[in-house]
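>>> Quick one: sequence and predicted model below, then my questions.
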Amino acid sequence: MNRNNTIINGAEQRFRIRNNKNMLSLSGVLRFMPETLFWMKPFIEDQLGGMHTYTRSKVRENRLAEPLSSGTEFYDWAGIFQLGGCVLLALNKEKDTFLELRFHYLQTGNMDFLTKEDAKYNELGQVTFSPQNAEFQLLQPKVALKIAF
């Protein structure tokens, strides 16, 4: 959120500029899970898909006022690849409740995105973008509880 005191049409006004940085990803999963008779089920999985990053903003006089201006100002797409491993640990004899321990590596292609400091507004309300261009590389540990009904 940025607060800005500017003069528009000869009157001093305060505006609230709110930027939301967002990411949306969609991927398909290919999983290899060998059948085991033990209380532990290991598997590996691969995901391929796409990632969409976008920045939306709203300009308001205050937090409760209707937006004077709003829209999606910056966006980009990139392909994603994710590879990971998991272990399902049975928590009961019926093997219908599992503790799921995962670890994934995610890699995207190069894409343009905005950080907090990359959108600058001048006194006339015009915006200048200075996007970053990079690939995302994430290591994601995950813990879940899996219950069969």
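Sure, I can see it.
>>> rest of the way, CA atoms for contacts and neighbours
OK.
>>> Tell me which helix or strand the spatially most central residue of the chain sits in.
The residue lying closest to the centre of the chain (Cα atoms, centre = their mean) is M23, at 3.4 Å. Here M23, judged by DSSP states H and E, is contained in strand 11-32.
>>> in that strand, what's buried?
F15, R16, I17, N19, K21 (16 or more other Cα atoms under 10 Å).
>>> returning to that earlier point: can you name the residues bridging to the residue nearest to the centre of the chain?
On the basis of DSSP bridges, M23 is bridged to T53.
>>> Now do the strands for this protein: every range, in order, please.
Taking DSSP state E as the test, the strands found in the chain are 2-8, 11-32, 40-60, 69-90, 97-108, 111-113, 119-121, 127-129, 132-134, 137-147.
>>> sorry, back to before: against which helices or strands is the strand holding M23 packed?
Here strand 11-32 touches strand 2-8, strand 40-60, going by 3 or more Cα pairs under 8 Å, 6 or more residues apart in numbering; DSSP states H and E.
>>> Return the set of buried residues in the longest one.
Judged by neighbour count using 16+ other Cα under 10 Å, the buried positions of strand 40-60 are 40-42, 44, 46-48, 50-55, 57-60.
>>> Can you spell out which helices and strands pack onto that strand?
strand 11-32, strand 69-90.
>>> between the first one and strand 69-90, how big is the angle?
Okay, so that is strand 11-32. With axes from the mean of the first three to the mean of the last three Cα atoms, to 10 degrees as the basis, strand 11-32 and strand 69-90 are set at 30 degrees to each other.
>>> Off-centre distance for strand 11-32?
Centre-to-centre, strand 11-32 and its host chain are 7 Å apart (Cα atoms, centre = their mean, to the nearest Å).
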